[in-house]
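Trainee: Generate coordinates for the sequence data below:
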Amino acid sequence: MALSTAILRAVPGAFILNSGIGKLGMPAEMAASLQGMAAQGVPPLAKLSPEQFAKFLSYGEIAVGATLLLPFVPTKVAGLALAGFSGSMVSMYLRTPGMTEADGVRPSQDGTAVAKDSWLLAIAAALVLSQGKKAVKG
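Mentor: Got it, this is the predicted structure:
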């Protein structure tokens, strides 16, 4: 694995893994609040109970983080996992009232923290589109 690919995987992987571990056992009130925001971007999440959502979110973040960090997981697979995660975050950002300015794209003060997830989506695209090392014939 190229050093540039390892960096693209390790930095978000460690951040997302840590975030997922930190959400283990989150209180139902916090889960309900996060669920309300998440359901803006991924409407089926509203059908879960807050407890189910908390487990789904924490286990999902742990799985995505681990996928990025484990070197034996193919880069394209890790990129797709990150794309699913970050794509849902960007969708939530774009669909939640008050997160964007009037143009619907630029972040408001409330949306800045979530708008940064567009960087994760760009990293995911780079991982999915990476060519990896090719065998050299000679």
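
Trainee: I'd say Pro50 and Ala28 touch.
Mentor: Yes: if you go by Cβ atoms under 8 Å, Pro50 and Ala28 touch, sitting 4.6 Å apart. All C-beta spots, glycine's among them, are computed from the backbone N, C-alpha and C.

Trainee: out of those two, which sits in the more crowded spot?
Mentor: Pro50 (18 against 13; other Cβ atoms under 10 Å).

Trainee: quick one: Ala38 from Gly87, how far?
Mentor: 13 Å (Cβ to Cβ, to the nearest Å).

Trainee: So for the two, which sits in the more crowded spot?
Mentor: With neighbours defined as other Cβ under 10 Å, Ala38 and Gly87 compare such that Ala38 has more, 22 against 17.

Trainee: is it fair to say Gly104 lies in a helix?
Mentor: No: Gly104: not assigned to a helix; according to DSSP: H, G, I helix; E, B strand; the rest coil it is coil.

Trainee: how close does Gly104 sit to Ala115?
Mentor: For Gly104, the distance to Ala115 - Cβ to Cβ - is 12 Å.

Trainee: ignore the last one, Thr5
Mentor: In terms of Cβ to Cβ, Thr5 sits 25 Å off from Ala115.

Trainee: and if you look at Glu101?
Mentor: From Glu101 over to Ala115 (counting by Cβ to Cβ), the distance is 11 Å.

Trainee: Ok, Met26 next?
Mentor: Taken as Cβ to Cβ, the span from Met26 to Ala115 is 23 Å.
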